[in-house]
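> next input, structure requested:
(2 chains)
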Amino acid sequence: KNLGCVEPRDCLSPTPAEDNPMFRNLAKGVTACWRETVSASKPDSLRLGMGLRGMATASAGSSSPAGTKRMNLFTAINEAMVIAMESDPKAVVMGEDVKFGGVFRCTLGLVDKFGNERVFNTPLSEQGIVGFATGMCSIGHTAIAEIQFADYIHPAFDQIINESSKYRYRSGSQFDCGGLTIRTPYGVVGHGGFYHSQSPEAVYCQPGVKVVIPRSPTQAKGLLLSCIRDKNPCIFFEPKILYRSAVEDVPEGDYMLPLGKAEVLREGTDVTIVGWGAQLKHLEAACDMAQQEGIECELIDLQTLYPYDIDTLETSVKKTGRMIISHEAAVTGGWGAELSAKVQERCFEYLEAPIKRICGLDIPPSPLVFEKIHIPDALKNLKAIRETVTF
Amino acid sequence: GTMRRLLGGLPRRLPRRFRAGFSTRVHEESPPILERDPTLKRTGDVRYSDELITLDPTQIPDVPAYRVMDESGNLLHPQRNYGLSTDKLVEMYEIMGEVMVVDHVFMQAQRHGRISFYMQNTGEEAIQVGSAAALEDKDHVFAQYRELGVYLSRGFDMQQVAHQCFSNVHDFGKGRQMPIHLGASHLNLHTISSPLATQLPQAVGASYVLKRRGEGACVICYFGEGAASEGDFHAALNFASTMDCPVIFFCRNNGFAISTPTHEQYRGDGILSRAHGYGMAGIRVDGNDMIAVYEATKEAREYAVSENRPIIIEAMTYRRGHHSSSDDASAYRCDKELKWWQTNNDPVARVRMHLESLGAWDSDKEAELRQLHKKKVMKCLNAAEKAQKPPMSDLFNDVYAEMPPRLIRQKARLDEHLAKYPDDYKLGKFASEDVYKSSK
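Purely as a prediction, here's the structure:
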């Protein structure tokens, strides 16, 4: 199956343009064995491959296919950073507590490999972290800056929106901070309350930055490498609930996945379902349940929220005539609102039902004891699927 | 140099000690549980006192501002050599004159509706030209907005200032920002942005890179005493000190942040007093004494580069102009105060009087310079005004390194719309793509 990988050295600035001839099958840069693995394995196990109960995964007893290694999300992210740092002497990793390995172990072992000058703790200040990283990148360095939780990214909003996102444009392209990548864990985790659960991606989708959210270890490694090497400032939201629990066979070595490209995980004819990050496990479950009822859902992982791949969504909705968008963040003003508006613009005559958004409630996310009830889970999505196809 | 003798030298390898108080009665034996545990990685020694001490800031004297000459341009120590030749001084004086004439003429141009906005530098010419002269080309500059003399000193010429203010096709910034948001990458002058103090942590990051490169360069970062109240100031100084970055934090304490006087901005001893809190060195200087500013910056630069440590320079001055063309300072300050500074402590006059005392300047030379500058600025202004605006493609370029599909589509739709209404949108003033290419 074409996962759209690109040769690492081929594309220093992966572009989302659908007519870009660089997106081709996994030929170079990935071992031949992996190519074999991809075509031979069950589509859903490689697509999601999450080690959650009830989800399809490669069987526990089997060893990883050649050219891949079984690992979880934080390890895949760690690998991406190792590769980025090895291939770019101007790359640094910085943030709070990154030196000892980070609160989620994403930066484990980096200081031993690359030294104190390139892997360093910063004082506790998000506006400082992003401002400092922006300044490093303004004279050519590559800064991989960690914000400990997406809930704490807001003090950096000024630096991100007023500075980083406009750095190139306002200078007439004399300066840029394209080397900037901000990585931060986001999303509910079962017990995070208001300040360890947020999904603030929508407000950071602004001109000049790219917002990327991976769903799995394989995607995370490839997408993070693309973000780091992209010539624009990127924000990479990592689904923290999957750091340890999402385990799959991740290709070894250097590979990049294209930004600005959505991925169809499952083909169907009855309704298009769009999500990203951790939400896809709920959506996959809902699709499975719908399939029991004879409803064939087309499931799409948006991957890059800004700038997003409208063409893949359009093609799908023109086929199915129905759409559901699902994200953890509150429904009002969430990113689903933008997608809904754009899709109805493109596909109005093809729509058989109103576009539905199955999202968080309009309350501060996420009140601890109510979390499981609050989140847009598989059951809520199943209900939406049924309603949409019978509209 | 001179400064070191006056201030007892700048700290070398500042010891990381936490001083618990001023008490002389220190507890001789620490209890066993407070014995230093090597695994705890403490960052400093804690000394103990059996006397409760409250630090009283009013007992700490304000740090005096360093000056080399008095208000009439006479050297306080005539024998001393301050490392600036007379020729260099004249050159610097002429740049001060350029700042003045640009300020005067461009402010008029704004009042006449020829440009949309302007900010003057009146009263701060010595800070700008004096500090810039102490830098090297390889040093990077992050400025706030009242640093025209720094830009001119480094080769960003008057004509280019005019181009930027008129947002025309020759502007390096492609006409996208308000006037005086100058930038030139080939001169290591980072493009100015309006939000205050955002440049401070960026300057620190850039200086970290310069340290890695090991080329003996530093970053200088300018800001006002008002901007120093922002959170980014705190973040930047803390990062710079904690991470050993070669950056000069140059504070122009000019008495006002728009209408807000310093006693409504902070309560401590200016901005310099904060240096101690960050474990950082600092200098206070008479911002209206160009030679002192030059010396202070030179000393600071040497310290920053040789020690890879940050340093604050707080230059005391007075903003004689309005905050900007959108402001009328008479609404919040009295004429008497303004007149006092104009008459008694004008940085430009002090240099002129000093040069006159050396026999290197006179009223004829002054008249000649003013003529020259007047001609030059009018020529620059008119040329900039006549030039076309950037082409339409510059509306969409550079948002990203590559133009994403969405912008390609939006441009196509806009082009279609504009083609229908060229006169309503005064498209004639925008350069065609061919003119644009040839002008680069």
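
> not counting its neighbours along the chain, what's nearest residue B:288?
Leaving aside its chain neighbours, residue B:288 sits nearest to residue B:347 (4.1 Å; criterion: Cβ to Cβ, 6 or more residues apart in numbering or on different chains). The C-beta positions use only the backbone N, C-alpha and C, and glycine is treated the same way.

> mind listing what residue B:64 touches?
Contacts for residue B:64 (Cβ atoms under 8 Å, 6 or more residues apart in numbering or on different chains) come out as residue B:284.

> show me the strands in the stretch 251-400 of chain B, by range?
B:256-257, B:260-261, B:281-286, B:311-316 (DSSP state E, counting those that start in this stretch).

> of those strands, which stretch is the most buried?
The highest mean neighbour count among those, using mean count of other Cβ atoms under 10 Å in any protein chain shown, belongs to strand B:311-316: a mean of 27.

> that one pairs with which strands, and in what direction?
Partners of strand B:311-316 in the sheet, by DSSP bridges, are strand B:247-253 (parallel), strand B:281-286 (parallel).

> ok, and what's touching it?
Here strand B:311-316 has contacts from B:10, B:65, B:127, B:131, B:225, B:237, B:247-253, B:270-272, B:274-275, B:280-288, B:293, B:296-297, B:300, B:303-304, using Cβ under 8 Å, 6+ apart.

> quick check: mean pLDDT across it?
What strand B:311-316 shows for mean pLDDT is 98.

> give me the neighbour count for the closest residue to chain A within the stretch 301-440 of chain B.
Closest to chain A within the stretch 301-440 of chain B is residue B:401: 3.7 Å, counting by Cβ to the nearest Cβ. Close neighbours of residue B:401, defined as other Cβ atoms under 10 Å in any protein chain shown, add up to 16.

> give the buried residues for whatever helix or strand residue B:128 lives in.
Element membership for residue B:128, per DSSP states H and E: helix B:125-133. Buried residues in helix B:125-133, counted by 16 or more other Cβ atoms under 10 Å in any protein chain shown: B:125-133.

> tell me which other helices or strands the helix or strand that it is followed by touches.
Sequence order places strand B:140-142 as the next helix or strand after helix B:125-133, per DSSP H and E. If contacts are counted by 3 or more Cβ pairs under 8 Å, 6 or more residues apart in numbering or on different chains; DSSP states H and E, strand B:140-142 sits against helix B:199-213, strand B:219-224.

> tell me the buried residues in the longest one?
Neighbour-count burial for helix B:199-213, counted by 16+ other Cβ under 10 Å, picks out B:199-211.

> around chain B, pick out the residues from the stretch 1-150 of chain A.
By Cβ under 8 Å from any Cβ of the partner chain, the residues of the stretch 1-150 of chain A that approach chain B are A:13, A:15-18, A:117, A:120, A:122-123, A:125, A:127-128, A:130-141, A:143.

> sorry, back to before: redo the buried residues of helix B:125-133 as JSON lines? Include distance to chain A and pLDDT.
Below are those laid out as JSON lines (distance: Cβ to the nearest Cβ, whole Å; pLDDT from 0 to 100):
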{"residue": "B:125", "distance to chain A": "26", "pLDDT": "98"}
{"residue": "B:126", "distance to chain A": "27", "pLDDT": "98"}
{"residue": "B:127", "distance to chain A": "23", "pLDDT": "98"}
{"residue": "B:128", "distance to chain A": "21", "pLDDT": "98"}
{"residue": "B:129", "distance to chain A": "24", "pLDDT": "98"}
{"residue": "B:130", "distance to chain A": "25", "pLDDT": "98"}
{"residue": "B:131", "distance to chain A": "20", "pLDDT": "98"}
{"residue": "B:132", "distance to chain A": "19", "pLDDT": "98"}
{"residue": "B:133", "distance to chain A": "23", "pLDDT": "98"}
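
> re the thing from before, buried only: go through the residues of the stretch 1-150 of chain A next to chain B for me.
Buried members of the residues of the stretch 1-150 of chain A next to chain B, counted by 16+ other Cβ under 10 Å: A:15-17, A:120, A:122, A:125, A:127-128, A:130-139, A:141, A:143.

> can you flag which of those belong to strands?
Those of those mapping onto strands are A:120, A:143, per DSSP state E.

> and the stretch 151-300 of chain A, which residues reach chain B?
Neighbours of chain B within the stretch 151-300 of chain A, by Cβ under 8 Å from any Cβ: A:155, A:158-159, A:162-163, A:166-176, A:178, A:207-208, A:210, A:230-232, A:260.

> in helices, which of these fall?
Among these, the ones falling in helices (DSSP state H) are A:167-170.

> dump these into TSV; add pLDDT as well.
Below are those laid out as TSV (pLDDT from 0 to 100):
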residue	pLDDT
A:167	98
A:168	98
A:169	98
A:170	98
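
> most neighbours, which of those residues?
Highest neighbour count within these, by other Cβ under 10 Å: residue A:167, with 28 neighbours.

> quick check: that one touching residue A:133?
No. Residue A:167 is beyond contact range of residue A:133, at 11.6 Å (criterion: Cβ atoms under 8 Å).

> which neighbours do the two have in common?
What both residue A:167 and residue A:133 touch, as defined by Cβ under 8 Å, 6+ apart, is the set residue A:177.

> how about the strands in the stretch 151-300 of chain A?
Counting by DSSP E, counting those that start in this stretch, the strands of the stretch 151-300 of chain A are A:180-186, A:210-212, A:234-239, A:247-251, A:263-266, A:271-275, A:297-301.

> tabulate these in JSON lines, adding columns for mean pLDDT.
Listed next are the strands of the stretch 151-300 of chain A as JSON lines, based on pLDDT from 0 to 100:
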{"stretch": "strand A:180-186", "mean pLDDT": "98"}
{"stretch": "strand A:210-212", "mean pLDDT": "98"}
{"stretch": "strand A:234-239", "mean pLDDT": "98"}
{"stretch": "strand A:247-251", "mean pLDDT": "98"}
{"stretch": "strand A:263-266", "mean pLDDT": "98"}
{"stretch": "strand A:271-275", "mean pLDDT": "98"}
{"stretch": "strand A:297-301", "mean pLDDT": "98"}
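
> so which of the ones you listed is nearest residue B:107?
With distances scored as Cβ to Cβ, the stretch of those nearest to residue B:107 is strand A:180-186 (37.3 Å).

> where does the prediction get shaky in chain A?
Scanning chain A for pLDDT under 70 picks out the ranges A:1-62.

> gap between residue B:54 and residue A:332?
52 Å (Cβ to Cβ, to the nearest Å).

> can you check residue B:280 too?
For residue B:280 relative to residue A:332 (Cβ to Cβ), the value is 46 Å.

> between the two, which is the more surrounded one?
More crowded of residue B:280 and residue A:332, by other Cβ under 10 Å: residue B:280, with 21 against 12.

> my guess is that one contacts residue B:239. True?
No. With contact defined as Cβ under 8 Å, residue B:280 and residue B:239 do not form a contacting pair (11.2 Å).

> let's check: the centremost residue of chain A is which one?
Central residue of chain A (Cα atoms, centre = their mean): residue A:213, 1.6 Å from the mean position.

> okay, now residue B:363: neighbour count?
The burial count assigned to residue B:363 is 9, neighbours taken as other Cβ under 10 Å.

> who's in contact with it?
Residues counted as contacts of residue B:363 (Cβ under 8 Å, 6+ apart): none.

> so for chain B, the centremost residue is which one?
Residue closest to chain B centre, computed by Cα atoms, centre = their mean, is residue B:222 at 2.7 Å.

> how about the strands paired with strand B:311-316 in JSON lines, adding mean pLDDT?
Shown next, in JSON lines, are these (pLDDT from 0 to 100):
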{"stretch": "strand B:247-253", "mean pLDDT": "98"}
{"stretch": "strand B:281-286", "mean pLDDT": "98"}
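
> got any ranges where the stretch 1-150 of chain B has weak pLDDT?
For the stretch 1-150 of chain B, residues meeting the criterion pLDDT under 70 lie at B:1-44.

> give me the residue from it nearest chain A.
residue B:140 (6.7 Å).

> gap between that residue and residue A:138?
Per Cβ to Cβ, residue B:140 is found 9 Å from residue A:138.
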